[in-house]
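Q: Give me the fold of what follows.
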Amino acid sequence: MTFAHPWLLALLVLPAGLAVFLWKRGGRRIPLPFDHQPIRRARLLGFLLKTADLLPVLLLSAVIAILAGPRRFEQPRNEREMTNILFCLDVSGSMMAPFGSATRYDAAMEAVNDFITFRKGDAFGLTVFGNSVLNWVPLTNDVSAFKCAPPFLRPENLPPWFGGTAIGLALRAGEKTLLAGDSGDRMIVLFTDGMSFDLTNGQDLAIAQSLKANGIKVYGIHVAEGGAPDEVGVIASVTGGEIFAAGDPGALKAVFARIDEMEKAPLKRVTPDPVDFFEPFALAGLGIGAMYLFTLFGLRHTPW
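A: Predicted coordinates:
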C-alpha cells in the first residue's frame, strides 16, 4: 500500500504524543466521605476509562491517514495488443456484378461487418477506392459507422469520375492512414475484383517494399471468379500476408476466419495502476466514532 501524500503521515506524531499524555496523566485527587475506609481500586474500570479517552485520538489518526490518500495497486491484468486493420474496398462499377444472391460489393461489405463483429479489441478503418481514394471511416474502436456505410458507398451512388480501379493509389493512401494511427500491428485487407494499371512496371514491388518496411501486412481478397492478379499476389507475399480467391459469399466468411486465425493479437501484461484505498480507514473511523459515542452514555470520568 502507498499514499498519494505521504508527507501528511508525519502528522501522526500529534495523536501519538496526545495518546501518551492521556494515558499517563493523573487526575486531581478528590476527598470522598468514606470515613477513611479502605476502598478497593477498580483497575479494570480505570483501564476502560483510559481506553475510552484514547478513542478520539485514534479517530484523529484515521482522519490523517485518509487525508494522506491511501492507495493500493490493482491486480495485474492481461490486455490484448491492438491490431490496426484497414479495409480497402474497391467500389468500381464492376463490383456491382452478381455474386451469389447479391453483388460483389454487397458480399464484401457484409463480410467486413461480420468480421468486425467477432474480432474484438482492434481498431478498424474503411477506405474505398476507384480512380480516387476516400477514407470513409478512420481507425477507431467504435465500429457503428461500418453498419451505416453500405448504402452510401454503393458504386451506383458514387460520382462517375470515381470509377476505375487504382489499387496502388489505395495501398499508398492506406499506408499513410495506418502510420498516422496508434502503434501496434498493422494490416490492410484489400477487396478488389480486377487489375490495376498502377501496379505495372515494377510499381507493385516498390509498394510492397515500402509497406514491409513500415510493418504493414496486406491480405488480398479477389471478389470474382478466377485468380487474383499476380501483382496483388506479389504485394501480399512480400509484406508477409496472403492472397485469397473468394468465389462466393460463403467463401468470403471462410477467408476472414482464416485471417483471424493467422492474426491473433498477442496478450501483454499490463502494469497495475494505483487505486484509492479509503475503505478500511473509513470503516475504522466509523467504528471508532460509534464506540466513542457509546462510551459517552456511561463510561466516562466523573468528579464524584
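Q: For residue 276, what are phi and psi?
A: phi -60, psi 140 (degrees, to the nearest 10).
Q: Would you mind measuring from it to residue 192?
A: 53 Å (Cβ to Cβ, to the nearest Å). From N, CA and C alone the C-beta is placed, and that goes for glycine too.
Q: Neighbour count: these two, which is higher?
A: Between residue 276 and residue 192, counted using other Cβ atoms under 10 Å, residue 192 has the larger neighbour count: 27 against 11.
Q: start to end distance for stretch 150-160?
A: Stretch 150-160 has an end-to-end distance of 18 Å (Cα to Cα, to the nearest Å).
Q: So what's the residue count around the spatially closest residue to residue 122 that is not a sequence neighbour?
A: Distances taken as Cβ to Cβ, 6 or more residues apart in numbering place residue 83 nearest to residue 122, at 4.6 Å, with adjacent residues excluded. Residues near residue 83, counting by other Cβ under 10 Å, number 19.
Q: tell me the pLDDT at residue 83?
A: Listed pLDDT for residue 83 reads 81.
Q: Could you do residue 227 as well?
A: 78.
Q: Residue 248 too?
A: Reading off the model, residue 248 has pLDDT 67.
Q: list the helices and strands the longest helix seen in the chain packs on?
A: In the chain, with assignment by DSSP state H, the single longest helix is helix 43-67. Judged by 3 or more Cβ pairs under 8 Å, 6 or more residues apart in numbering; DSSP states H and E, helix 43-67 is in contact with helix 13-24, helix 279-295.
Q: In a markdown table, list those along with mean neighbour count.
A: Formatted as a markdown table, the helices and strands packed on helix 43-67 follow (neighbours: other Cβ atoms under 10 Å):
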| stretch | mean neighbour count |
| --- | --- |
| helix 13-24 | 13 |
| helix 279-295 | 14 |
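Q: Compile those helices into JSON lines and extend it with columns for mean pLDDT.
A: Listed next are these as JSON lines, based on pLDDT from 0 to 100:
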{"stretch": "helix 13-24", "mean pLDDT": "87"}
{"stretch": "helix 279-295", "mean pLDDT": "89"}
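Q: Kindly reformat those as TSV containing distance to residue 200.
A: Shown next, in TSV, are these (distance: least, Cβ to Cβ, whole Å):
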stretch	distance to residue 200
helix 13-24	82
helix 279-295	68
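Q: circling back to that earlier point, so what pairs up with the residue nearest to residue 122 in the strands?
A: residue 185 (DSSP bridges).
Q: Please, where are all the strands along the stretch 101-250 of the chain?
A: In the stretch 101-250 of the chain, the strands defined using DSSP state E, counting those that start in this stretch lie at 102-103, 123-129, 133-140, 185-192, 216-222, 242-245.
Q: And the contacts of the first one?
A: By Cβ atoms under 8 Å, 6 or more residues apart in numbering, the surrounding residues in contact with strand 102-103 are 95, 96, 97, 110, 249.
Q: Which single one of the residues you listed is nearest to residue 239?
A: residue 95 (23.6 Å; Cβ to Cβ).
Q: Not including adjacent chain positions, what is the nearest residue to the closest one?
A: Counting by Cβ to Cβ, 6+ apart, the residue nearest residue 95 is residue 105, at 4.2 Å.
Q: Please report how far that neighbour lies from residue 192.
A: Applying Cβ to Cβ to residue 105 and residue 192 gives a distance of 11 Å.
Q: Same question for residue 1.
A: Taking Cβ to Cβ, one finds residue 1 at 58 Å from residue 192.
Q: What of residue 52?
A: Counting by Cβ to Cβ - residue 52 and residue 192 are separated by 84 Å.
Q: same question, residue 67
A: With Cβ to Cβ as the criterion, residue 67 and residue 192 are 64 Å apart.
Q: try residue 96
A: 14 Å.
Q: got it, and residue 260?
A: If you go by Cβ to Cβ, the gap between residue 260 and residue 192 works out to 21 Å.
Q: Would you mind listing the residues in contact with residue 68?
A: Residue 68 neighbours (Cβ under 8 Å, 6+ apart): 3, 4, 5, 6, 8, 9.
Q: Go again with 10 Å.
A: Neighbouring residues of residue 68 by Cβ atoms under 10 Å, 6 or more residues apart in numbering: 2, 3, 4, 5, 6, 7, 8, 9, 10, 11, 12, 281.
Q: Which one (most neighbours) among those?
A: Neighbour max across the contacts of residue 68 (other Cβ under 10 Å) = residue 281, 18 neighbours.
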